[in-house]
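> below is the structure, and that's it, no one-letter string:
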Ligand SMILES: NC(=O)c1ccc[n+]([C@@H]2O[C@H](COP(=O)([O-])OP(=O)(O)OC[C@H]3O[C@@H](n4cnc5c(N)ncnc54)[C@H](O)[C@@H]3O)[C@@H](O)[C@H]2O)c1
């Protein structure tokens, strides 16, 4: 990548975290098809190896949220790729429900969904400023622009992920650093399968996409250089409505919560 406005993926050195399955694996498939050279990382070594084999990537199993884990990933990726052109911080967790979300759930969400991005940027941005280019992509969520019922840990830390990405874009955008926040609603992955059925139905009311749709939206947004990547286009309207009509928007969310409560009562009776 020779300049901040180079939107081609061909021959770019790209790191993707959380790439053993779901959205991260779909990014790997799409970006490999676009000609990128990949390093993929995940806690799940087996799934990761399969993705690495089919995308001709280097697999770096391990924790992509800790300082040590990220440093090792950056070092190994730099050695393998020569230089890192694009970082895709995609690993994420949905831990903890409602008021009962405990300290461990809050801590894990904070480490993986927020601090991992800051730790990666701390290592990457100085080098990118030197050369005048680099692209930092965060898989956040529509929950980071709106909210999500059920999980305060997820809603809060995904807002943190969007806020961090915005801050990076505002601070370094004029120096050739490009930043994107990917904010889908429901996507058919293990994460969506793991949440309460009624909540999943509401989150998916606009249609749960396939992971490949999210990868397509990312490639499209990079080509258009838009900060927000919105695989569900209606999220832009909800986001504007929330800002302009906050109380009405909250009443709408209360209506959805009432539907969830009714569904879970029916389930327990
Ligand atoms: N599925 C959805 O509906 C949806 C919607 C919006 C945003 N997202 C976000 O998309 C991203 C990908 O999620 P997904 O839906 O593909 O879920 P997923 O659970 O299928 O994949 C997440 C991957 O991240 C890995 N991971 C988690 N913590 C890690 C860590 N500390 N170090 C290394 N790897 C780690 C997991 O092992 C897993 O392979 C997440 O950030 C998620 O919050 C998902």
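Now that the structure is in, tell me what you want to look at. For clarity, every value in this text was computed on a predicted model and none was experimentally measured. Residues are numbered from 1 along each chain as shown.
> where does the prediction get shaky in the stretch 1-150 of the chain?
Scanning the stretch 1-150 of the chain for pLDDT under 70 picks out 1-5.
> what does it have sitting close to the ligand?
By the rule CB under 6 Å from any ligand atom, the part of the stretch 1-150 of the chain lying against the ligand is 17-18, 20-24, 42-44, 63-65, 90-93, 112, 139, 141. Quick note: C-beta positions are derived from backbone N, CA and C, even for glycine.
> select only the buried ones of these in ChimeraX?
This is the ChimeraX syntax for the buried subset of those, where burial follows 16 or more other CB atoms under 10 Å:
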select :17,18,20,21,22,23,24,42,43,63,64,65,90,91,92,93,112,139,141
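> taking the residues of the stretch 1-150 of the chain next to the ligand one by one, which sit in strands?
Residues of those located in strands (DSSP state E): 17, 42, 139.
> please report how far residue 131 lies from the ligand.
To the ligand, residue 131 is 27 Å away according to CB to the nearest ligand atom, to the nearest Å.
> contacting residues around that residue?
residue 83 (CB atoms under 8 Å, 6 or more residues apart in numbering).
> quick revisit: and of the ones in strands among the residues of the stretch 1-150 of the chain next to the ligand, the nearest to residue 161?
Closest approach to residue 161 among these (CB to CB): residue 139, at 8.0 Å.
> what are the boundaries of the helices in the stretch 51-200 of the chain?
Per DSSP state H, counting those that start in this stretch, the stretch 51-200 of the chain carries helices over the ranges 67-81, 103-110, 116-131, 152-172, 190-193, 197-203.
> quick one, which of those helices is nearest to residue 33?
When the helices of the stretch 51-200 of the chain are ranked by proximity to residue 33 (CB to CB), helix 67-81 comes first, at 17.7 Å.
> ok, residue 174 - contacts?
With CB under 8 Å, 6+ apart as the criterion, no residue contacts residue 174.
> that older thread, just name the most buried of the helices of the stretch 51-200 of the chain.
Of all the helices of the stretch 51-200 of the chain, helix 152-172 has the most neighbours on average by mean count of other CB atoms under 10 Å, namely a mean of 20.
> how about it and the ligand, touching?
No: Helix 152-172 lies out of reach of the ligand by CB under 6 Å from any ligand atom, never closer than 6.7 Å.
> show me what that helix packs onto, helices and strands only.
The criterion is 3 or more CB pairs under 8 Å, 6 or more residues apart in numbering; DSSP states H and E, and the helices and strands that helix 152-172 contacts are helix 103-110, helix 116-131, strand 134-139, strand 177-182.
> what's the closest of the ones you listed to residue 244?
The nearest among those, by CB to CB, is strand 177-182 at 20.4 Å.
> that's a helix at residue 14, yeah?
No: read with DSSP: H, G, I helix; E, B strand; the rest coil, residue 14 is strand and lies in no helix.
> okay, and the beta partners of it?
For residue 14, the beta-bridge partners are residue 38, residue 86 (DSSP bridges).
> and the gap between it and residue 72?
In this view, residue 14 and residue 72 are 17 Å apart by CB to CB, to the nearest Å.
> next one: residue 133
24 Å.
> for residue 211, same thing?
Per CB to CB, residue 211 is found 26 Å from residue 72.
> ok, now residue 110?
Counting by CB to CB, the gap from residue 110 to residue 72 is 21 Å.
> same deal with residue 249?
Distance from residue 249 to residue 72, by CB to CB: 43 Å.
> same thing with residue 185?
33 Å.
> what does residue 242 give?
39 Å.
> what's the answer for residue 144, then?
27 Å.
> for residue 86, same thing?
For residue 86, the distance to residue 72 - CB to CB - is 19 Å.
> so which residue of the stretch 51-200 of the chain comes closest to the ligand?
residue 92 (2.1 Å; CB to the nearest ligand atom).
> so that residue touches residue 19, yeah?
No: counting by CB atoms under 8 Å, residue 92 sits too far from residue 19 to count as a contact (12.0 Å).
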